[in-house]
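**Q** Here is my input; please provide its structure:
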Amino acid sequence: MAVSNGQAAGKRAEQRAATRRALLDEGRRRFAADGYQGVVLADVAQAVGVTKGAAYHHFESKAGLFRAVVAEVLEELGERVAAAAEEVSDPWEQLRAGCRAFLAAGSDPSTRRIVLVDAPTVMGWEEWRALDEESSARHLREALSTLVETGVIAGQPVEPLTRMLSGAMNEAALWVARSRSPEALDSAVDTLDRLLAGLRAR
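**A** All right, here's what the predicted structure looks like:
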């Protein structure tokens, strides 16, 4: 039976999507294990059974593949933060739960290597911050805005507060990831709780 043009186009689109997905998965695995400098795009392509040209077609360069991986990891991190916050109903506890979920991500070696170590260097701070803004930082701003509006946190500009707290948590998550102490995450969470407690209106 003849295949219609529409069916053929649909099949090609599925194949392109499958190739892109395979390159992303393999790239993510290698970036996490070997770091950005240790990855060769041609090797990623060979590992998934496609040509180097196909990899360049989808991502243009190793840096393009890395950006796509970083965006995906940050999106997943933002979803984990939001899901943790949604497990509780009180806005203050939502903030604490989301912050704790973000810190816990630092204990994941792949997230640490890709997002916290390599991404700021490879992409530059501005691009990295823009991606971070689209994921977890946006949730943090929304949570802080609600708490300021309801008077739980003393009235103050939300934007600098968001930036300062986000920066502190990025550094803490990186510290947790680099620490060899099994108590690092608990220590970071305890410190975070004390920091957040200082924001509450008296």
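
**Q** Nearest the middle, which residue of the chain would you pick?
**A** The centroid of the chain falls nearest to L74 when counting by Cα atoms, centre = their mean (1.7 Å).

**Q** Surely that residue is in a strand?
**A** No - if the criterion is DSSP: H, G, I helix; E, B strand; the rest coil, then L74 is helix and not within a strand.

**Q** Could you check how far it is from E134?
**A** Applying Cβ to Cβ, to the nearest Å, the value for L74 to E134 is 7 Å. (C-beta placed from N, C-alpha, C; glycine too.)

**Q** just L77 next, same as before
**A** From L77 to E134 the distance is 11 Å (Cβ to Cβ).

**Q** same question, E183
**A** Here the criterion is Cβ to Cβ. By it, E183 lies 32 Å from E134.

**Q** The residue nearest to the centre of the chain - nearest residue in space that isn't next to it in sequence?
**A** Ranked by Cβ to Cβ, 6 or more residues apart in numbering and with sequence neighbours excluded, the top spatial neighbour of L74 is S135, at 4.1 Å.

**Q** Touching, the one you found and E75? I think so.
**A** Yes - with contact defined as Cβ atoms under 8 Å, S135 reaches E75; the gap is 5.6 Å.

**Q** Between those two, which is the more surrounded one?
**A** Taking neighbours as other Cβ atoms under 10 Å, S135 and E75 compare with S135 leading, 22 against 14.

**Q** re the thing from before, show me the contacts for the residue nearest to the centre of the chain.
**A** V115, L131, D132, E134, S135, S136 (Cβ atoms under 8 Å, 6 or more residues apart in numbering).

**Q** Can you go through those and name the buried ones?
**A** The neighbour-count test (16 or more other Cβ atoms under 10 Å) marks V115, L131, D132, S135, S136 as buried among these.

**Q** what's the distance between L199 and A22?
**A** Applying Cβ to Cβ, the value for L199 to A22 is 45 Å.

**Q** Following the chain onward from the lengthiest helix in the chain, which element is next?
**A** Longest helix of the chain, by residue count under DSSP state H: helix 5-34. Following helix 5-34 in sequence order, the next helix or strand is helix 41-47 (DSSP states H and E).

**Q** Can you point out the buried residues in stretch 87-96?
**A** For stretch 87-96, the buried set under the neighbour-count rule, 16+ other Cβ under 10 Å, comprises P91, W92, Q94, L95, R96.
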